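Chemist: From the sequence below, what's the structure:
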Amino acid sequence: MAMTDFDFMLTEEQIELRNLFRDFAQKEVKEPCRESEKLGECPEYLVKKAIDMGVPMMTLPEEYGGLGLDYLTCAIIREELARGDVGFASRVTGFGFTPFRLAGTEEQRHMAAEAMTAGGVIAFALTESGAGSNAVDMATTARKDGDGYIINGGKTFITNGDCADIVVTFAVTDKSKGSKGITAFMIPKGTPGFDAGHHEDKMGFRNVHTCSLFFDDMRLPDKYRLGEEGEGFSIAMRILNVSRPANSANCVGLAQAALDEAVAYSKQRVVGGQPICKKGVIAAMLADMEMQVQSARQMVWAVCRAANAGIFDKKLTAVAKCFCSDAAMKVTTDAVQIFGGNGYSKEYPVEKLMRDAKIFQIFEGTNQIQRDIIGRQLVK
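Modeler: Down below sits the predicted model:
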């Protein structure tokens with residue numbers, strides 16, 4: 001992998017962390033997660049190991065007891081974890097400190113920091129059954145009641161919804177104001193009136209729980225409101241603008257895993273007296289896969305370097321999210337093709353990678369929505 005590591009572009013610390021998490025993901029995470037995904041579970045001993053390695057604290061600033069890693073370093077680690085198993089990577093990283101850095105009070109930041117330093121994860125709950133790509137149509141409501149709010153409704157397809165220590169969610173406080181009538185809240189685990197449904201039986205991405213959340217006359221004190229009333233939609237979009245590069249890094253790790261498997265298989269699979277990698281059509285497919293992976297990685301690094309400089313460009317993050325998830329889908333599908341009939345069998349690893357890849361074209365804004373964002377920004 002020497003030609004793809006680009007060590008000259010990384011600091012010594014980034015190289016050390018990359019190697020540390022690469023070894024962990026390849027030697028300890030990969031095979032157990034291939035087995036555990038059949039049951040839709042995540043090996044808890046591996047979750048504990050990741051916590052001990054400081055994964056939940058990557059995005060937490062040092063002043064709150066975290067590691068305070070920059071966006072590029074976090075992306076490098078996420079890529080390696082996802083290369084081992086992308087569901088596991090999402091289980092142990094969660095949404096990070098971003099919601100609180102962008103919109104939290106000092107008290108709220110300390111609440112989040114306390115949860116994260118103890119190994120907890122943060123979940124992001126925006127989607128509803130009747131409000132997916134158009135979040136403004138959400139039906140969950142928050143009614144002001146004295147020094148707090150009464151929240152009713154629910155969310156669906158929430159990653160880590162049943163195991164998160166804090167859920168960042170959104171509810172309508174004034175329906176007449178449209179997007180300016182939505183407010184953001186943080187919900188601590190165990191809040192009365194808050195419940196999580198069963199784990200969805202998903203096609204892929206099975207090593208992380210995805211479930212519905214229910215709010216039944218759930219009372220939240222004012223101190224759990226994020227930002228001011230009516231700022232929720234804006235906060236959600238800002239959070240997604242920061243989080244999309246992280247999921248793009250997951251896509252790169254997933255695509256790299258598929259390419260690794262395809263290259264190894266093509267060298268050992270013999271047809272007509274020679275390995276199939278010697279056949280021009282297969283070599284060309286592998287070359288196209290490599291170009292997709294390399295392009296996606298450099299795109300993620302560019303977005304992260306911009307973020308490190310304080311630049312969060314809506315068009316650039318949408319381009320990264322869309323391109324990287326499309327690349328992951330293309331590369332994993334081509335890996336299945338190179339494996340032939342074996343690629344369609346659960347006995348081999350690539351069918352799982354293809355199943356895992358599909359969700360990244362859908363969640364955190366479908367790729368159709370990303371293209372719409374890109375197009376509107378171009379002609380703005």
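Chemist: Pretty sure Pro43 sits against Lys30.
Modeler: No: applying C-beta atoms under 8 Å, one finds Pro43 not in contact with Lys30, separated by 11.3 Å. C-beta: built from backbone N, CA, C; applies to glycine.
Chemist: give the contact list for Glu231.
Modeler: Glu231 sits next to Ala103, Thr183, Ala184 when contact means C-beta atoms under 8 Å, 6 or more residues apart in numbering.
Chemist: same deal with Val270?
Modeler: The contact partners of Val270, taken as C-beta under 8 Å, 6+ apart, are Ile276.
Chemist: Just list whatever residues bridge to it.
Modeler: With DSSP bridges applied, Val270 shows beta-bridge pairing to Pro275.
Chemist: Could you check how far it is from Ala287?
Modeler: Look at Val270 and Ala287: by C-beta to C-beta, to the nearest Å, they are 21 Å apart.
Chemist: helix, strand or coil for the closest residue to Thr105 other than its chain neighbours?
Modeler: Sequence neighbours aside, Lys223 is the residue nearest to Thr105 in space, at 7.8 Å (criterion: C-beta to C-beta, 6 or more residues apart in numbering). Classification of Lys223 by DSSP: H, G, I helix; E, B strand; the rest coil places it in helix.
Chemist: how many other residues sit next to Lys223?
Modeler: The tally of other residues near Lys223 (other C-beta atoms under 10 Å) stands at 12.
Chemist: got a list of what it touches?
Modeler: Thr105, Glu107, Gln108.
Chemist: Quick check: pLDDT value at it.
Modeler: Each residue has a pLDDT score; the one for Lys223 is 97.
Chemist: cool, and Thr183?
Modeler: Looking at Thr183, its pLDDT stands at 97.
Chemist: Equivalent analysis for Asn241, please.
Modeler: pLDDT recorded at Asn241 is 88.
Chemist: List the buried residues of the host helix or strand of it.
Modeler: Element membership of Asn241 [criterion: DSSP states H and E] is helix 232-268. Buried residues in helix 232-268, defined by neighbour count with 16 or more other C-beta atoms under 10 Å: 232-236, 238-262, 265-266.
Chemist: got it, and stretch 161-175?
Modeler: Buried residues in stretch 161-175 (16+ other C-beta under 10 Å): 161-173.
Chemist: Straight-line length of it, end to end?
Modeler: Start and end residues of stretch 161-175 are separated by 26 Å (C-alpha to C-alpha, to the nearest Å).
Chemist: Please compute how far that stretch lies from its chain's middle.
Modeler: Stretch 161-175 sits 17 Å away from the centroid of its parent chain (C-alpha atoms, centre = their mean, to the nearest Å).
Chemist: what is the mean pLDDT for that stretch?
Modeler: Mean predicted lDDT for stretch 161-175 stands at 95.
Chemist: Tell me which stretches of the stretch 1-150 of the chain form helices.
Modeler: Assigned by DSSP state H, counting those that start in this stretch, the helices in the stretch 1-150 of the chain fall at 2-5, 12-24, 30-36, 44-52, 71-84, 86-93, 98-103, 106-117.
Chemist: what does the fourth one contact?
Modeler: Spelled out, it's helix 44-52. Under C-beta under 8 Å, 6+ apart, the answer for helix 44-52 is Phe24, Glu28, Val29, Pro32, Cys33, Pro56, Leu81, Phe88, Arg91, Val92, Gly119.
Chemist: Identify the spatial nearest neighbour of the fourth one, chain neighbours not counted.
Modeler: Sequence neighbours aside, Pro43 is the residue nearest to Pro32 in space, at 5.0 Å (criterion: C-beta to C-beta, 6+ apart).
Chemist: The one you found: how many residues sit nearby?
Modeler: Neighbour count of Pro43, defined by other C-beta under 10 Å: 18.
Chemist: Which positions in stretch 111-128 come out as buried?
Modeler: Under 16+ other C-beta under 10 Å, the buried positions of stretch 111-128 are 111-113, 115-116, 119-128.
Chemist: Nice, that's everything, thank you.
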